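Engineer: This is a predicted model, with the sequence first.
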Amino acid sequence: MRRLLPALAGLTLLLTACPRPLTPEVPMTDPKMLSGRWAGEFVVPSRVSSVRAGAGVLYVLRASAGQVVALDARTGGVLARAARPQAQAIAYSPSGALYVLGGGKLTVHDPRTLVQTAARDVPGSHLSVDGEVASTDAFTANARVGTADGKPLPTSNERKILTDRSSDDVWWLSEGRALRAKDGLSSGGASGHGNPCALTSNLAPTSIESAAFGPQSGSAYLQGWSDGTIELRAADGAVQRTFKASATCSPVVDLYSDGRTVVYVTRAGEAGQINVQTGEASAPQALGSAMNLTVTPEGVSAGSDQQLYSFRPWGSAAYDLPAEPSVPVTLNVVATRVSNETAALTGSASVGGRTLTVQGTLRGSGVLLAQTSPVPSGLFFSITLLDGAAEAGSLTGTSFLYSSSQGPAYQSTLTMKGGATLQGELRRP
């Protein structure tokens with residue numbers, strides 16, 4: 001035993017000399033921490049998910065923000081805004097109401113004020129243009145239900161990818177053929193108008209729309225083609241009439257009809273109206289090359305991407321969809337370290353001039369360190385905003401790369417109770 005004592009003493013010296021795990025000594029007042037005063041402007045994300053129109057009103061859905069906006073279709077003036085969390089689709093119903101689908105609910109809104117007037121359980125994330133049919137998505141016929149009662153609709157056994165659907169969801173376009181939804185009747189796979197543009201590639205249908213409604217629903221359809229032609233066909237595919245929509249042989253990418261008039265838009269940005277009975281056509285409007293072209297009874301929306309949208313009313317000048325007003329946000333917080341990984345946040349916030357109390361947490365990805373350049377350590381915060389004892393909203397954010405001239409910043413998301421979701425950056429003022 002005596003021989004072991006020197007060895008044990010040496011081992012003790014080695015152990016006491018080894019450094020202990022270091023506790024980070026970054027003070028919570030470090031300017032790169034979320035402590036002290038921070039400020040930023042928050043806005044509704046401008047990404048447009050869907051555009052619909054009816055009765056002189058244009059409706060814009062920004063699903064990521066949970067917001068619906070109603071505009072005067074002629075002037076672009078804002079009529080109303082409404083928050084609708086989990087919204088995934090909108091439609092203007094022939095009944096004169098706006099339908100919003102998402103989160104397992106169909107909500108019914110006044111068409112001008114957007115005040116909610118009714119709600120019912122309806123599954124799905126896709127609505128037909130007329131709002132009468134809901135389904136799982138736009139590209140399959142899965143789980144088709146009527147929005148009036150949420151009950152399943154007669155649907156063919158076709159399990160194909162759909163490239164277009166008529167506004168009432170009676171006709172589908174799949175694999176170059178027209179399919180009738182209720183029974184799978186297939187027709188219209190070959191051109192009935194020859195090849196007037198002498199295209200080297202095979203002609204193919206590019207869009208579809210119902211041509212008969214009410215008691216005659218499903219008896220006829222309109223089919224747009226890759227050479228800019230529109231055909232009126234009977235249910236069995238027999239061509240009844242042909243209309244030339246594009247002077248440049250551009251594909252017809254979207255159609256809408258009320259049974260008397262068909263409105264269309266081509267990939268080249270040509271938009272117009274044709275009387276189906278007489279063949280009389282309005283002078284086409286030139287929208288220019290654009291993506292995300294959608295034709296409506298009130299005009300055509302066009303986007304160069306999902307953030308830059310314009311609308312061209314029939315017979316009027318185009319206008320850009322208005323930007324949403326910003327909301328100023330200011331934080332005055334104190335961070336108190338509670339562990340190596342977290343700190344408690346307390347203090348106050350001003351949201352659009354409204355003073356609120358802050359309770360939250362700041363976390364690091366591992367040990368809680370300050371932001372470092374050029375790579376931040378990864379700081380995340382989650383704040384509950386309180387008005388007295390009541391929860392008024394939430395604010396979350398993540399540190400991200402910054403330059404020395406800009407200083408530290410947090411990419412943040414603000415959600416107020418009953419309001420849309422806004423995004424912005426918090427920086428040192």
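Structural biologist: Sure, I can see it.
Engineer: In contact with the residue lying closest to residue 342 once chain neighbours are set aside, which residues are there?
Structural biologist: Nearest residue to residue 342, sequence neighbours excluded (C-beta to C-beta, 6 or more residues apart in numbering): residue 363, at 5.2 Å. (Each C-beta comes from the backbone N, C-alpha and C, glycine too.) Neighbouring residues of residue 363 by C-beta atoms under 8 Å, 6 or more residues apart in numbering: 341, 342, 343, 379, 380, 381.
Engineer: One more pass at 7 Å, please.
Structural biologist: For residue 363, the contact set (C-beta atoms under 7 Å, 6 or more residues apart in numbering) comprises 341, 342, 380.
Engineer: For the first one, grab the count of nearby residues.
Structural biologist: Residues contacting residue 341 under the criterion other C-beta atoms under 10 Å number 15.
Engineer: Kindly state the pLDDT recorded for it?
Structural biologist: Note on residue 341: pLDDT of 84.
Engineer: which one of the contacts of residue 363 sits closest to residue 119?
Structural biologist: Taking C-beta to C-beta as the measure, residue 380 is the one of the contacts of residue 363 closest to residue 119, at 34.7 Å.
Engineer: circling back to that earlier point, can I assume the residue nearest to residue 342 sits in a strand?
Structural biologist: Yes: counting by DSSP: H, G, I helix; E, B strand; the rest coil, residue 363 is found in a strand.
Engineer: out of the contacts of residue 363, which are inside strands?
Structural biologist: Cross-referencing the contacts of residue 363 against strands under DSSP state E gives 342, 380.
Engineer: Out of the contacts of residue 363, the closest to residue 89 would be?
Structural biologist: residue 380 (32.0 Å).
Engineer: measure the residue nearest to that closest one when sequence neighbours are not counted to residue 218 for me?
Structural biologist: Using C-beta to C-beta, 6+ apart and skipping residues adjacent in sequence, the residue nearest residue 380 is residue 363, 4.9 Å away. Look at residue 363 and residue 218: by C-beta to C-beta, to the nearest Å, they are 57 Å apart.
Engineer: same thing with residue 319?
Structural biologist: Residue 319 is 37 Å from residue 218, where distance means C-beta to C-beta.
Engineer: So which of the two has more stuff around it?
Structural biologist: Neighbour count, other C-beta under 10 Å: between residue 319 and residue 218, residue 218 has more, with 18 against 15.
Engineer: Give me the nearest residue to the more buried one, chain neighbours excluded.
Structural biologist: residue 170 (5.1 Å).
Engineer: pLDDT score for that neighbour?
Structural biologist: Looking at residue 170, its pLDDT is 95.
Engineer: again with residue 366
Structural biologist: Residue 366 carries a pLDDT value of 68.
Engineer: which residues of this structure fall in helices?
Structural biologist: 4-17 (DSSP state H).
Engineer: Any regions of it where pLDDT drops low?
Structural biologist: When residues are selected by pLDDT under 70, those of the chain lie in 1-27, 31-32, 157-158, 199-200, 289-290, 304-308, 366-367, 369-377, 401-406.
Engineer: Now for residue 410: which residues touch it?
Structural biologist: 34, 381, 397, 398, 399, 425, 426.
Engineer: if you set the cut-off to 6 Å instead, what comes out?
Structural biologist: Residue 410 sits next to 397, 399, 426 when contact means C-beta atoms under 6 Å, 6 or more residues apart in numbering.
Engineer: State the distance from the closest residue to residue 321 other than its chain neighbours to residue 341.
Structural biologist: Nearest residue to residue 321, sequence neighbours excluded (C-beta to C-beta, 6+ apart): residue 309, at 4.5 Å. Noted for residue 309: a distance of 43 Å to residue 341, by C-beta to C-beta.
Engineer: Same question for residue 44.
Structural biologist: Distance from residue 44 to residue 341, counting by C-beta to C-beta: 33 Å.
Engineer: Next: residue 160.
Structural biologist: In this structure, residue 160 and residue 341 are 51 Å apart, going by C-beta to C-beta.
Engineer: same thing with residue 142?
Structural biologist: Distance, residue 142 to residue 341, using C-beta to C-beta: 44 Å.
Engineer: now do residue 325
Structural biologist: Separation of residue 325 from residue 341 (C-beta to C-beta) stands at 38 Å.
Engineer: I'd like to know how many residues surround the residue lying closest to residue 230 once chain neighbours are set aside.
Structural biologist: Nearest residue to residue 230, sequence neighbours excluded (C-beta to C-beta, 6+ apart): residue 243, at 4.5 Å. Residue 243: 21 surrounding residues under other C-beta under 10 Å.
Engineer: if I read this right, residue 243 contacts residue 231, doesn't it?
Structural biologist: No: the pair residue 243 and residue 231 does not pass the contact test of C-beta atoms under 6 Å, sitting 7.8 Å apart.
Engineer: who's in contact with the closest residue to residue 285 other than its chain neighbours?
Structural biologist: Distances taken as C-beta to C-beta, 6+ apart place residue 271 nearest to residue 285, at 4.8 Å, with adjacent residues excluded. With contacts defined as C-beta under 6 Å, 6+ apart, residue 271 is in contact with 265, 285, 287, 300.
Engineer: Scan those and report the most crowded one.
Structural biologist: Using other C-beta under 10 Å as the neighbour criterion, residue 265 leads the contacts of residue 271 with 32 neighbours.
Engineer: Identify the bridge partners of it.
Structural biologist: Taking DSSP bridges as the rule, residue 265 bridges to residue 254, residue 271.
Engineer: Next one: it relative to residue 238, how far apart?
Structural biologist: Applying C-beta to C-beta to residue 265 and residue 238 gives a distance of 26 Å.
Engineer: repeat for residue 195
Structural biologist: As judged by C-beta to C-beta, residue 195 and residue 238 stand 19 Å apart.
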